[in-house]
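*Asks:* here's my sequence, what's the structure:
(one chain, ligands or ions: 1)
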Amino acid sequence: MSHPHTSHIDPRSLPFEPLPKGVPTCSVELLHMGWIHSRRGMWADDAWEQDERRKQAKADADYSLPIFGALLQHGEDRYLWDLGWRNDPENLPEMFKSVSFGRTELPSSAQAHNLVDPSSLTGIIWSHAHIDHYGATDRFPPTIPLFLGEGSLKWINGGDKKGGLKSFPSTYLEQGREFIEVGEGSGERWKKRAIGPFEEAYDLFGDESTFLVKASGHCPGHLALLAHVSSGDWVFLAGDAAHNQALYLPVPPQPFHHETDRRSVPAKFKLTPESENWSCMQDFPEMFWRTASAMTRLEMEDNVMVVLGHEKEFATVAGLEAGDRCDLSQWRQKDLKKKKDQEGEKVREGLNEL
Ligand SMILES: [Zn+2]
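*Replies:* Okay, here's the model as predicted:
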């Protein structure tokens, strides 16, 4: 189950479809929906590290992940991207009584339905159907359609009460809400195209301002979002395409060689302390390598800022706590991209001194 760091690929080797120019914008407000307090070894593994003692110390280091969602505003349309983790455990599937990813901190003020007026929305988009992204979907009117990546519904398979995916509440499927899968085989509305280093993307509003991007690796149907937020500047909301900045940064030096590539690899972990088997944060590691390098490649573009669904460094430099919001159209003015990448460098240097 462990992944050698030699599986990483050269980000510069990926074909790159230029981002459209002179297209409308979509406003993106990042929402901080709470924290998962954990250890770094659950999320990132510095497989390149030769010093076994230091490797272990890095894995044991405390690590807190913010849980991000976002509010998209495009003309009259308002979409919520991810709903975070609901804070009423009695409404979660049974399996979460024994499974833990760490200690959660989920103040009510940071619950999606309290950050945004549920009835004001045009649609909800899930990056993927996991507990820290599907939130309290049932708190939103069932007339609001829900968009998700192709293959998600087959994977969910009716959810926990119907013999399907144990981590998914069947009740969410029983509200009469329309679930709309986005993908090549999901009907006329979705026309596949390449964008940047990604091979498969779909134009959400039909004006090239906002793309739902197939970012494979983490789980079936995983989507990311690429939005043009202000004159030529874009943000890429990566969902759980990676859980830690160290998985896509630093950019490996040229010429590319695994010996000098300091990116981490997906961690392996045990779902419960009694588990005999290791689980991996990336269900499809063979697809993850391309997705990770595509994010590295995007971040190399001066006019794109990548933000992971749990990127701690972004919360740090933007000063975000649970319940806070951050207008991402301002990222260049506030120098947030440079700051969060430098913060990541500082964190990684600190770890190398353990
Ligand atoms: Zn997540």
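
*Asks:* thought Phe168 was touching Tyr134?
*Replies:* Yes: with contact defined as Cβ atoms under 8 Å, Phe168 and Tyr134 form a contacting pair (7.3 Å). (Each C-beta comes from the backbone N, C-alpha and C, glycine too.)

*Asks:* for Met1, report the pLDDT, please.
*Replies:* Note on Met1: pLDDT of 46.

*Asks:* no wait, Asn277
*Replies:* With respect to pLDDT, Asn277 has a value of 75.

*Asks:* next one: the residue nearest to it when sequence neighbours are not counted from the ion, what distance?
*Replies:* Residue nearest to Asn277 in three dimensions, not counting chain neighbours: Lys270, with 7.7 Å by Cβ to Cβ, 6 or more residues apart in numbering. Lys270 sits 18 Å away from the ion, taking Cβ to the ion, to the nearest Å as the criterion.

*Asks:* touching, Lys270 and Cys280? I think so.
*Replies:* No: between Lys270 and Cys280 there is no contact under Cβ under 8 Å: 11.0 Å.

*Asks:* between the two, which is the more surrounded one?
*Replies:* Cys280 (19 against 12; other Cβ atoms under 10 Å).

*Asks:* per-residue pLDDT, that one?
*Replies:* Note on Cys280: pLDDT of 77.

*Asks:* got a list of contacts for the helix or strand of the chain with the lowest mean pLDDT?
*Replies:* None of the helices or strands of the chain scores lower by mean pLDDT, DSSP states H and E than strand 279-280, at a mean of 76. Contacts to strand 279-280, defined as Cβ atoms under 8 Å, 6 or more residues apart in numbering, come from residues 1, 3, 266-271.

*Asks:* tell me which residue of the stretch 151-300 of the chain lies closest to the ion.
*Replies:* Asp240 (4.2 Å; Cβ to the ion).

*Asks:* around the ion, which positions in the protein sit nearby?
*Replies:* Applying Cβ under 5 Å from the ion, we find that the chain lies next to the ion at 132, 240.

*Asks:* and the lengthiest helix in the chain, what does it pack against?
*Replies:* Identified as the longest helix of the chain according to DSSP state H is helix 336-352. Other helices and strands packing on helix 336-352, by 3 or more Cβ pairs under 8 Å, 6 or more residues apart in numbering; DSSP states H and E, are helix 52-60, strand 304-307, helix 312-318.

*Asks:* distance between it and the chain's centre?
*Replies:* The chain centroid and the centroid of helix 336-352 are separated by 19 Å under Cα atoms, centre = their mean, to the nearest Å.

*Asks:* now swap in stretch 164-173 and tell me
*Replies:* That offset, for stretch 164-173, works out to 20 Å (Cα atoms, centre = their mean).

*Asks:* just the strands from the stretch 101-250 of the chain, written as ranges.
*Replies:* Along the stretch 101-250 of the chain, counting by DSSP state E, counting those that start in this stretch, strands occupy 103-105, 123-125, 146-149, 179-182, 193-195, 198-203, 210-214, 223-230, 233-237.

*Asks:* let's have these in JSON lines, adding mean pLDDT and mean neighbour count.
*Replies:* JSON lines is the format used below for those (pLDDT from 0 to 100; neighbours: other Cβ atoms under 10 Å):
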{"stretch": "strand 103-105", "mean pLDDT": "95", "mean neighbour count": "15"}
{"stretch": "strand 123-125", "mean pLDDT": "98", "mean neighbour count": "23"}
{"stretch": "strand 146-149", "mean pLDDT": "98", "mean neighbour count": "25"}
{"stretch": "strand 179-182", "mean pLDDT": "98", "mean neighbour count": "18"}
{"stretch": "strand 193-195", "mean pLDDT": "98", "mean neighbour count": "17"}
{"stretch": "strand 198-203", "mean pLDDT": "98", "mean neighbour count": "21"}
{"stretch": "strand 210-214", "mean pLDDT": "98", "mean neighbour count": "26"}
{"stretch": "strand 223-230", "mean pLDDT": "98", "mean neighbour count": "25"}
{"stretch": "strand 233-237", "mean pLDDT": "98", "mean neighbour count": "25"}
